[in-house]
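[1] Quick one, what's the 3D model for this:
(2 chains)
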Amino acid sequence: MIEMSRRFLRQKLGSPATIFVLCVLALMASLPLNAGQGFGSTDTLAALILAAGCVSRDASSGALQMILSRPLSRAGYLAGRYLGILAALLLFLAGAIGLAAALHAVMERFSGGLPQDFSLKAAGLAAGHAFLGGALLVAADLCFSTFLRGWGDVLAVVLFFLLFNSMQGLGTALRLPILAKAGELARANLAPSIAWEDVFAGQDVLGEATGRYVLALTGYATLAVLIFSRREFSYGQE
Amino acid sequence: MISVVHVSKTYGRFGRRTQALADVSLEVRRGETLGLIGPNGAGKTTLLSCLLGFLRPDSGAITVDGLAPDDLSVRARTGYMPERLGFDRELTGAAFLAHHWRLSGGDRSRVDEEVRAAADRVGLEQGALRRRLRSYSRGMLQRVGVAQATLGNPTLLFLDEPASGTDPLGVALVRERILEAKARGATIVLNSHQLPEVEKVCDRVVYLDHGRLAREETLRGEKAEHRKVLLRTDPARAADAAAVLAAAGFAPHPEEGGRLALGAARDEDVARAIQALAAAEVPVFEARPTADLEDLFRGPDQTP
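    Numbers count the residues shown, from 1 in each chain, chains lettered A, B, ... in the order given. Predicted coordinates for the structure are as follows:
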């Protein structure tokens, strides 16, 4: 499993295109971070870029078949990929914070003491929030990547989250309370919104929202393992 | 022992179904080298994928020493080389081999030593190991593929077209590695279109056609009925040679260039034929065993 995580990191760090995109995103993230506004949407984008095609590309290239001929369970392979993506996401968040801190230092030096909203503690909390949100997103993406080809997983994740986020509004607009209720339930259970600041402060750690988060994460991971362990792979058919 | 019992496999659904394997049964004994031959689309790769547990048969059963092919203890002693070499192009040759050494459960402290040894076995230079796989030629990818398959000396080796697209040296190198694995008792399943190579390394071949096991031939040992020996003598004395061999109890078939084809399954028969010719002072320039797998490929009705 650890070997699979290492392989993922080596693949990503060895890809100049991915490194370039992540650097641009980190630079973009450093601006809102410096203004004390978290990561903007760069963390979501980074998680999606890192997770895109994480299983399907291995399957289509034939690398997966070679890996699965080794004494590694399919669940172990998925867990390794998942941990690798999370480790890369962590590196991205740390890099963005580092850039924001450097930017803060430069601005403080040249702005003649203008007030800055950057603080390492706030950036760390924002990174924690982004990491946990990313962990859920990546788990959903991994699930789709076990059976969709190419970058179909990213498209599926976007449509999936867009669908149940719009269901509530659509239900209200169409005066269909059932649709609105279904949307609300789907959003609460499949993409639960959590006040991580409170959780980090020790409040409501074992509350309903964190329970839903853990359940959703476990659900995506379990579904991914179930689908992946049933899948067949023949490079002649990909 | 690998056991395949009444295995069938179909691809596709909703009316567009293709039967890839139809009621295939065979056994591969421990230490045996089995060749899978047959035309394109015959089901060889599907059978190999089923043997490795990548595909599940629709019906029938496959076991390796009584275990499922995807059992981790089976995989711990499996080496596999796929036909399509589209793996991890971003990794260097050394990183790729080290990755597979660690995945196979190899001792991490010996990784550098094993990678070097594996590269040496397939003639990959240290400089090449430091380069990324995307810069490798087809022949080099083939070599690194063979190196990863033979890492840790697996006792089960599945090779899918291991020498396709390589130069003659590469072909010889792949053959040497297969013979080396065979000498240490590995059970090998080889899927290849290179019939002369199959003939050189395999103990037995199965001919698949339209997903069915059409024919089976033993190439080595007492049961090798299809094997013959081509004797090359002086063309001017081919008739004498035929007469001497006929008198010694053989039934030689004259072929072009002064060659005589002799049905001789055992090495002892070949030695006896050569001795008879030497005693009659008929020179023998070459004695080459052959199983004429091309005939097997053509089928009995199409043999010229």
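
[2] check which helix or strand covers A:Leu162.
    Following DSSP states H and E, one finds A:Leu162 within helix A:152-173.

[3] repeat for B:Ala261
    Element membership of B:Ala261, judged by DSSP H and E, is strand B:259-263.

[4] Which pLDDT does the model give the residue nearest in space to the middle of chain A?
    Centroid-nearest residue in chain A, with Cα atoms, centre = their mean: A:Gly134, separated by 2.8 Å. If you check A:Gly134, the pLDDT there is 90.

[5] Give the full set of residues in contact with it.
    With contact taken as Cβ atoms under 8 Å, 6 or more residues apart in numbering or on different chains, A:Gly134 is in contact with A:Asp43, A:Thr44, A:Ala46, A:Ala47, A:Leu86, A:Leu89. Heads up, the C-betas are built off the backbone N, CA and C, glycines and all.

[6] farthest pair in these?
    For the contacts of A:Gly134, the maximum inter-member distance is 14.3 Å, found between A:Thr44 and A:Leu86 (Cβ to Cβ).

[7] Compare the two and say which one has the larger neighbour count.
    Legend: neighbour count by other Cβ atoms under 10 Å in any protein chain shown for A:Thr44 and A:Leu86, higher for A:Leu86 (20 against 17).

[8] Phi and psi next, for the more buried one.
    Torsion angles at A:Leu86 (phi, psi; degrees, to the nearest 10) stand at phi -60, psi -40.

[9] measure it to B:Ala246 for me?
    With distances taken as Cβ to Cβ, to the nearest Å, A:Leu86 is found 78 Å from B:Ala246.

[10] Show me which positions of the one helix or strand B:Glu217 maps to end up buried.
    Secondary structure from DSSP H and E places B:Glu217 in strand B:212-218. By neighbour count on 16 or more other Cβ atoms under 10 Å in any protein chain shown, the buried set for strand B:212-218 is B:Arg212, B:Leu213, B:Arg215, B:Glu217, B:Thr218.

[11] ok, so of these, who is nearest B:Ala186?
    Distances from B:Ala186 to the buried residues of strand B:212-218, taken by Cβ to Cβ, are shortest for B:Thr218, at 18.8 Å.

[12] beta partners of that closest one?
    When bridges are called by DSSP bridges, B:Thr218 pairs up with B:Arg204.

[13] Name the surrounding residues that touch the helix or strand of chain A with the lowest mean pLDDT.
    Taking mean pLDDT, DSSP states H and E as the measure, chain A has helix A:196-200 as its least confident helix or strand, at a mean of 79. Contacts to helix A:196-200, defined as Cβ under 8 Å, 6+ apart, come from residues A:Leu125, A:Gly128, A:His129, A:Leu132, A:Asp204, A:Val205, A:Gly207, A:Thr210.

[14] which two from these end up farthest apart in space?
    With Cβ to Cβ as the measure, no two of these lie farther apart than A:Leu125 and A:Gly207, at 17.9 Å.

[15] Local confidence estimate at the residue nearest the centre of chain B?
    Nearest to the mean C-alpha position of chain B, by Cα atoms, centre = their mean, lies B:Leu190 at 3.6 Å. We have a pLDDT of 91 for B:Leu190.

[16] what sits against it?
    B:Thr33, B:Leu34, B:Gly35, B:Leu36, B:Leu159, B:Pro162, B:Ile178, B:Val198, B:Val201, B:Cys202.

[17] Show me the shaky parts of the stretch 151-300 of chain B.
    For the stretch 151-300 of chain B, the stretches with pLDDT under 70 are B:220-227, B:264-265, B:291-300.

[18] same question, chain A
    Using pLDDT under 70, chain A drops low at A:111-116, A:235-238.

[19] swap the cut-off to 50 and go again
    Low-confidence segments of chain A (pLDDT under 50): A:236-238.

[20] near chain B, which residues of it show up?
    For chain A, the residues in contact with chain B (Cβ under 8 Å from any Cβ of the partner chain) are A:3, A:6-7, A:10-11, A:14-15, A:60-63, A:65-73, A:232-237.

[21] Would you mark the buried spots in stretch A:96-114?
    A:Ala96, A:Ile97, A:Leu99, A:Ala100, A:Ala101, A:Leu103, A:His104.

[22] how many neighbours does the residue nearest to the fifth one when sequence neighbours are not counted have?
    The one in question is A:Ala101. Using Cβ to Cβ, 6 or more residues apart in numbering or on different chains and skipping the chain neighbours, the partner closest in space to A:Ala101 is A:Leu120 (6.8 Å). Around A:Leu120 there are 11 other residues, counting by other Cβ under 10 Å.

[23] okay, now the domains of chain B?
    What automatic domain parsing lists as the domains of chain B is B:2-218, B:228-298.

[24] JSON lines please, covering these and showing distance to A:Val157.
    Output for the domains of chain B, formatted as JSON lines (distance: least, Cβ to Cβ, whole Å):
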{"stretch": "domain B:2-218", "distance to A:Val157": "24"}
{"stretch": "domain B:228-298", "distance to A:Val157": "49"}
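
[25] who wins for proximity to A:Gln37 among these?
    Comparing the domains of chain B by Cβ to Cβ, domain B:2-218 comes nearest, at 34.9 Å.

[26] That closest one: end-to-end distance?
    17 Å (Cα to Cα, to the nearest Å).

[27] gap between that domain and the chain center?
    9 Å (Cα atoms, centre = their mean, to the nearest Å).

[28] Near chain A, which residues of the stretch 51-200 of chain B are found?
    B:52-56, B:70, B:72-73, B:75-76, B:78-80, B:82-88, B:90-91, B:95, B:99-100, B:102-105, B:132, B:148, B:158.

[29] if we can go back for a sec, and the least confident helix or strand of chain A, C-alpha only, in CSV?
    C-alpha atoms of helix A:196-200 as CSV (Å, rounded to 0.1, in the frame of the first residue of the first chain):
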residue,chain,number,x,y,z
TRP,A,196,-14.4,22.4,10.7
GLU,A,197,-13.3,25.5,12.7
ASP,A,198,-15.6,24.5,15.5
VAL,A,199,-14.5,20.9,15.3
PHE,A,200,-10.8,22.0,15.4
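
[30] what's downstream of it, the next helix or strand?
    Beyond helix A:196-200 in the direction of the C-terminus, DSSP H and E gives the next helix or strand as helix A:208-230.

[31] in that following helix, what's buried?
    Using 16+ other Cβ under 10 Å as the test for burial, helix A:208-230 gives A:209-210, A:212-213, A:216-217, A:220-221, A:223-225, A:227-228.

[32] Strand partners (parallel or antiparallel) of the helix or strand harbouring B:Pro254?
    Using DSSP H and E, B:Pro254 sits in strand B:253-255. As defined by DSSP bridges, the strand partners of strand B:253-255 come to strand B:259-263 (antiparallel).

[33] Work out for me the element the nearest residue to B:Cys202 once chain neighbours are set aside sits within.
    In space, and not counting its chain neighbours, B:Cys202 is closest to B:Gly35: 3.7 Å by Cβ to Cβ, 6+ apart. Per DSSP H and E: B:Gly35 is located in strand B:33-37.

[34] orientation of that strand relative to strand B:212-218 in degrees?
    Using axes from the mean of the first three to the mean of the last three Cα atoms, to 10 degrees, the inter-axis angle of strand B:33-37 relative to strand B:212-218 is 140 degrees.

[35] packing partners for strand B:33-37?
    helix B:44-51, strand B:187-191, helix B:195-201, strand B:204-209, helix B:293-298 (3 or more Cβ pairs under 8 Å, 6 or more residues apart in numbering or on different chains; DSSP states H and E).
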